[in-house]
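Student: okay, here's the prediction I keep looking at, along with the sequence it came from:
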Amino acid sequence: MDLIMDARGISKSYKNNVVLDDFNMKVYRGDVYGFVGKNGAGKTTFLRILLGLANANRGNISLFGSKDMRELYHNRKSISGIIEMPAFYSHMSADENLTAYCYLRGINKARIKPSLEKVGLYGVGRKKVGKFSLGMKQRLGIARAICGDSSFVILDEPTNGLDPNGIVEFRELIDRLNKENGITFIISSHYITELQKISTRFGLLANGQIMEEITAGELKQKTNSSLEIKLSDIALGLETLQLLFNDVHYNKHNDSILMSNENIDMGKIFASLSQKGIEVQDVKTTSSGAEEYILSVIGR
């Protein structure tokens, strides 16, 4: 896989408030990366750092294979982002807004029409953006993001305030741009259900850190029946069970071990742990959906 963004050891504090603490994230070409965390978890802070709108206290970011500061500045020109709500000139049309944007950025105006066509806004004519619905403004924001031929687009809470039809249209648009145009996305949200329907990989954020990165396929596997085991020695128990079984993971939020409950030999588990002198303190069988799993990692 082609790694296009690698954030390592990112820390950010505002006075005495630690927002990001040894934060690590990897994004691969072609990802629709669902960046999940509760409100205030630090999603927007990291995206601002990624886009060069804020500085980290520690850590580094590699973009398209380079973390050299001069090349990082240059490579940021290949990414676009919408942090919170996209801002436009309300008295101007969609075409006029993008014309102004292209003029300021030195972008060929010939890119305006195909960008508007891709998001379904080419036919709105002279309608002023101030008369647009929230969904139309979000689509115009994406048109602006891809107008500069960006291959990597960052969207911060893009479905906030959208009605159900607007959410469906947004989801279909992202899916089409990803599959047909090869655009890589990071989409941050606390709406887990919607991210599930579109993301190919997830980063689960809590306490200023990515607690887990997981593919959509891996997340689906975790929605089956599983065991949650608490042990006297979590580190040694995790090492022991990972040698014996597939799909064994540490759940940092609950300080426990999660493993698939499919064809599990409980006798083998207890015997193996006992040989290492590890006490089994609690065993629970859980059967939950993807949303419940994510909440178990990031907290409710």
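Tutor: Structure's in. What do you need? Keep in mind that this is a model prediction, so the values were computed, not measured.

Student: only C-alpha atoms from now on, for both contacts and neighbour counts.
Tutor: OK.

Student: all the strands of this protein, residue numbers only.
Tutor: 3-14, 17-28, 32-36, 58-63, 79-82, 152-156, 184-189, 201-206, 209-215, 226-231, 248-251, 256-260, 280-286 (DSSP state E).

Student: just checking: what are the partner strands of the fifth one?
Tutor: Strand pairing for strand 79-82, using DSSP bridges, gives strand 152-156 (parallel).

Student: and the contacts of the strand it pairs with?
Tutor: With Cα atoms under 8 Å, 6 or more residues apart in numbering as the test, strand 152-156 has contacts from 44, 47, 78-84, 145-146, 183-189.

Student: which of these are buried?
Tutor: When the contacts of strand 152-156 are checked for burial by 16 or more other Cα atoms under 10 Å, the buried set is 44, 47, 78-83, 145-146, 183-189.

Student: which residues of the stretch 101-250 of the chain score low on pLDDT?
Tutor: Applying pLDDT under 70 to the stretch 101-250 of the chain picks out residues 224-225.

Student: ok, and the closest non-adjacent residue to the residue nearest the centre of the chain?
Tutor: Centroid check for the chain by Cα atoms, centre = their mean gives F35 as the closest residue, at 2.2 Å. Nearest non-adjacent residue to F35, counting by Cα to Cα, 6 or more residues apart in numbering: S188, 4.4 Å away.

Student: contacts only, for the one you found.
Tutor: Counted by Cα under 8 Å, 6+ apart, S188 has contacts G34, F35, V36, G37, K43, T44, L155, D156, E157, P158.

Student: any chance of these in a markdown table, plus distance to A206?
Tutor: Output for those, formatted as a markdown table (distance: Cα to Cα, whole Å):
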| residue | distance to A206 |
| --- | --- |
| G34 | 14 |
| F35 | 11 |
| V36 | 9 |
| G37 | 6 |
| K43 | 10 |
| T44 | 13 |
| L155 | 19 |
| D156 | 17 |
| E157 | 17 |
| P158 | 20 |
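
Student: which of those residues lies closest to G299?
Tutor: G299 has its nearest neighbour among the contacts of S188 in G37, at 8.8 Å by Cα to Cα.

Student: which strand residues bridge the residue nearest to the closest one when sequence neighbours are not counted?
Tutor: Leaving aside its chain neighbours, G37 sits nearest to L205 (4.9 Å; criterion: Cα to Cα, 6+ apart). Beta-bridge partners of L205, counted by DSSP bridges, are I210.

Student: so L205 makes contact with I298?
Tutor: Yes: counting by Cα atoms under 8 Å, L205 touches I298, with 6.0 Å between them.

Student: could you report the separation of the residue nearest to F35 from N160?
Tutor: Applying Cα to Cα, to the nearest Å, the value for S188 to N160 is 11 Å.

Student: quickly list what's touching both of these two.
Tutor: Between them, S188 and N160 share no contacting residue under Cα under 8 Å, 6+ apart.

Student: overlap in contacts, L205 and I298.
Tutor: Common neighbours of L205 and I298 (Cα under 8 Å, 6+ apart) are G37, K38, M211.

Student: which among the residues you listed gets closest to F23?
Tutor: Nearest to F23 among these, with distances taken as Cα to Cα, is M211, at 9.1 Å.

Student: tell me how many other residues crowd that closest one.
Tutor: Burial of M211 is recorded as 18 neighbouring residues (other Cα atoms under 10 Å).

Student: quick one: contacts for it?
Tutor: So M211 contacts G203, L204, L205, K252, V297, I298 (Cα under 8 Å, 6+ apart).

Student: got the contact list for the third one?
Tutor: Listed by Cα under 8 Å, 6+ apart, the contact partners of L205 are F35, V36, G37, K38, A41, G42, K43, M211, E212, I298.

Student: so the residue nearest to the centre of the chain touches F202, yeah?
Tutor: Yes: applying Cα under 8 Å as the test, F35 and F202 come out as touching, 5.9 Å apart.

Student: quick revisit: just give me the closest of the shared contacts of L205 and I298 to D233.
Tutor: M211 (19.9 Å).

Student: ok so, going back, may I see the strands of the chain organised as TSV, with distance to V168 added?
Tutor: As requested, the strands of the chain are exported to TSV (distance: least, Cα to Cα, whole Å):
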stretch	distance to V168
strand 3-14	28
strand 17-28	24
strand 32-36	16
strand 58-63	31
strand 79-82	19
strand 152-156	16
strand 184-189	15
strand 201-206	19
strand 209-215	22
strand 226-231	32
strand 248-251	32
strand 256-260	33
strand 280-286	31
